[in-house]
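1. What shape does this take:
(chains A and B)
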Amino acid sequence: MQHSVTQPKVSPAAAAATGVVFDSAVRVLGGRRVLEGVTLHVPAQARVAIVGRSGAGKSTLLSLAAGLADPDEGSVAVGGAVDATGRLGRCALMPQRDCLLPWRTALDNATLALENAGASRREARARAAPVFGRLGLAGAERQRPAKLSGGMRQRVAFLRTLLADKPVLLLDEPFGALDAITRAELQEWLAQVLAGEPRTALLVTHDVEEALLLADRVFVLGAGRITAELEVDVPRDAPRREVVTSPEFLELRESALEAIA
Amino acid sequence: MRRWWPPLALLVAAVAVWEIVVRAAEVPEYLFPAPSAVASALVQNADLLGDATVVTLREILLGYLLAVAVGLLLAVVIHFSKTLRRALLPILVLSQTVPTVLLAPILAILLGYGIGPKLVVVVIVCFFPVVVNAVDGLGSADPELVRMMRTLHGSRFTIFLRVEFPGALPAIFSGARIAATYAAVAAVFAEWAGSSEGLGFVILQAQPALETARIFAAVLVLSALALGLYALVALAERLLVPWRSEAARA
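-> Here you go, the predicted model:
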């Protein structure tokens, strides 16, 4: 197992204790019950993916976990905290779009959370700069987002999320806007980076293959409910091409697609 | 440089036509002076115009800076407090409905012939476009950026500092550029209402003497000042909002 690239200031005890628990969570938006009693458990330090069609309520589910909204019924707890502020303090969200600030360089976008938390710009840069090379971002430090490719922008956005030093990472369709090749490249990259992070990761995606490649456990969300739960126990050390064509992988993919349909 | 040629050529052509028409029709100089007469008035009155320019330029610059500062301050207050927004916005709109022509003499009576009443007039005329654009700009931050900031230790203040304010800069500069074109006219208005120096005063004095060429010369200087201020603001925008032009080129 490799080391965490960002050397997070998350205490191992906190990370070990910070799972996410949804208990019959209902969310009503504009009179519609977007989430209809979601119950799921994300164990601490697990990699869990939620797949579903567009409009299934995936982003709403992440907002609840992040503490950006409260469930209308039921409860959502992160590391035992059920209040929105407590959840907000334990989760870092990587939104669907990269949401990089156009006026900041790549380096200063990555350090955003550190500066928000009170670090001086110098301290923050000193911590983020060494990670740039290791995440395939060498040379991009001083570029503004407009000059970066889509893949680079996602990497910076992910690094920014990591540097928030929160025990739980919430990833909302992190590669949804990328072309297929860059997407495959970044999935591999993310799997590697996450392998070294002692954190809980909850990923939301409409791409079944992506979910199966990145998560240990996959929940299928349909019409506001969890309709299936899959344990991903296929070996994933082999090159991607072999992994995605192995019989076990194809079987899992088949059952996930069936649950979505 | 290339984009300067069309307006420059048009300007030169207009001046040439003006010169030819005035000479051909033998229009008396006190009615409508030819460009050459304006130019010679400019040279002959160089000392007078120079002193007046210094006075008016100070009114324009100080008044404008004050207007931008007041405008930004009001915009931030309005942005942060819903109550103050409801209380202040109607009053600010009301302040724009009072005709400057009427306000300036009253201010001259109240505050005298010094620079004070001029600054007040320039501020009243110029702050409004800054406030309106800044309030709009601050309020139109991308909600997704704000959500992202909240999960990354962002507080109300750091969200303002790192997302809302930089994001509002283009809008703020739109307002500041509009205000820059008003400042020179406002300063002259204020001088007409009561003063003993400045370009507005020069114009006022030249009128009864039928020194029309001198009036034109003063107006020419005034236009140059307004243009210069506008260029300065545009330059400041290029320096302070570099990501905008970079993105456009990318």
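2. So which residues of the chain form helices?
-> All of this is about chain A. Listed in chain order, the helices found in chain A under DSSP state H are A:12-17, A:58-66, A:84-90, A:106-110, A:112-116, A:121-134, A:150-162, A:180-195, A:208-214, A:240-245, A:247-260.
3. You answered for a different chain; I wanted chain B.
-> So, for chain B - with DSSP H - the helices run B:5-25, B:35-44, B:46-80, B:82-97, B:100-111, B:115-139, B:143-151, B:156-159, B:165-193, B:199-206, B:212-240, B:242-249.
4. Let me see the confidence value for the residue most central in space within chain B.
-> Taking Cα atoms, centre = their mean, the centroid of chain B lies closest to B:Ala180, which sits 2.3 Å from it. With respect to pLDDT, B:Ala180 scores 94.
5. Isn't it up against B:Gly228?
-> No - judged on Cβ atoms under 8 Å, B:Ala180 makes no contact with B:Gly228 at a distance of 9.5 Å. In short, each C-beta sits where N, CA and C put it, glycine included.
6. joint contacts of those two?
-> Counting by Cβ atoms under 8 Å, 6 or more residues apart in numbering or on different chains, B:Ala180 and B:Gly228 have no common neighbour.
7. Make a markdown table from the helices of chain B and add distance to A:Val26 to it.
-> Converted to a markdown table, the helices of chain B look like this (distance: least, Cβ to Cβ, whole Å):
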| stretch | distance to A:Val26 |
| --- | --- |
| helix B:5-25 | 63 |
| helix B:35-44 | 78 |
| helix B:46-80 | 34 |
| helix B:82-97 | 30 |
| helix B:100-111 | 59 |
| helix B:115-139 | 32 |
| helix B:143-151 | 21 |
| helix B:156-159 | 29 |
| helix B:165-193 | 34 |
| helix B:199-206 | 69 |
| helix B:212-240 | 47 |
| helix B:242-249 | 42 |
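8. Can you name the residues of chain A that neighbour chain B?
-> Within chain A, the residues that sit near chain B (Cβ under 8 Å from any Cβ of the partner chain) are A:63, A:66-68, A:88, A:91-93, A:95-97, A:99, A:101-104, A:112-113, A:115-117, A:144, A:146-147, A:160-161, A:164, A:166, A:170.
9. What's the ChimeraX line that selects buried ones from these?
-> Applied in ChimeraX, the following selects the buried portion of the residues of chain A next to chain B according to 16 or more other Cβ atoms under 10 Å in any protein chain shown:
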select /A:63,66,67,68,88,91,92,93,95,96,97,99,101,103,104,112,113,115,116,117,144,147,160,161,164,166,170
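10. What is the neighbour count of A:Leu159?
-> Applying other Cβ atoms under 10 Å in any protein chain shown, we find 25 residues neighbouring A:Leu159.
11. likewise B:Val219?
-> 16.
12. Could you check how many residues crowd around the spatially closest residue to it that is not a sequence neighbour?
-> Using Cβ to Cβ, 6 or more residues apart in numbering or on different chains and skipping residues adjacent in sequence, the residue nearest B:Val219 is B:Ile203, 7.2 Å away. The local packing of B:Ile203 (other Cβ under 10 Å) involves 21 other residues.
13. so B:Ile203 sits right up against B:Val188, yeah?
-> Yes - the criterion here is Cβ under 8 Å, and B:Ile203 meets it with B:Val188 at 7.1 Å.
14. ok, now how distant is B:Arg150 from A:Ser63?
-> Here B:Arg150 is placed at a distance of 11 Å from A:Ser63 (Cβ to Cβ, to the nearest Å).
15. and if you look at B:Leu204?
-> In terms of Cβ to Cβ, B:Leu204 sits 65 Å off from A:Ser63.
16. One more: B:Leu61?
-> Relative to A:Ser63, and taking Cβ to Cβ, B:Leu61 is found at 49 Å.
17. now A:Gly55
-> Relative to A:Ser63, A:Gly55 is positioned 15 Å away (Cβ to Cβ).
18. Kindly report the same for A:Val26.
-> Computed as Cβ to Cβ, the A:Val26 to A:Ser63 distance reads 14 Å.
19. what does B:Ala187 give?
-> For B:Ala187 relative to A:Ser63 (Cβ to Cβ), the value is 53 Å.
20. Could you tell me the model confidence score at A:Val10?
-> A:Val10 carries a pLDDT value of 61.
21. nope, B:Tyr30 is what I meant
-> The model reports B:Tyr30 with a pLDDT of 87.
22. pretty sure it contacts B:Leu210?
-> Yes - when contacts are counted by Cβ under 8 Å, B:Tyr30 is listed as touching B:Leu210 (4.1 Å).
23. State the distance from the residue of chain B positioned farthest from its centre to B:Pro117.
-> Checked against the mean C-alpha position of chain B, the extreme residue using Cα atoms, centre = their mean is B:Thr151, at a distance of 41.3 Å. According to Cβ to Cβ, B:Thr151 and B:Pro117 sit 52 Å apart.
24. which residues of the chain score low on pLDDT?
-> Answering for chain A, as no chain was given. A:1-16 (pLDDT under 70).
25. sorry, should have said chain B
-> Applying pLDDT under 70 to chain B flags the ranges B:1, B:246-250.
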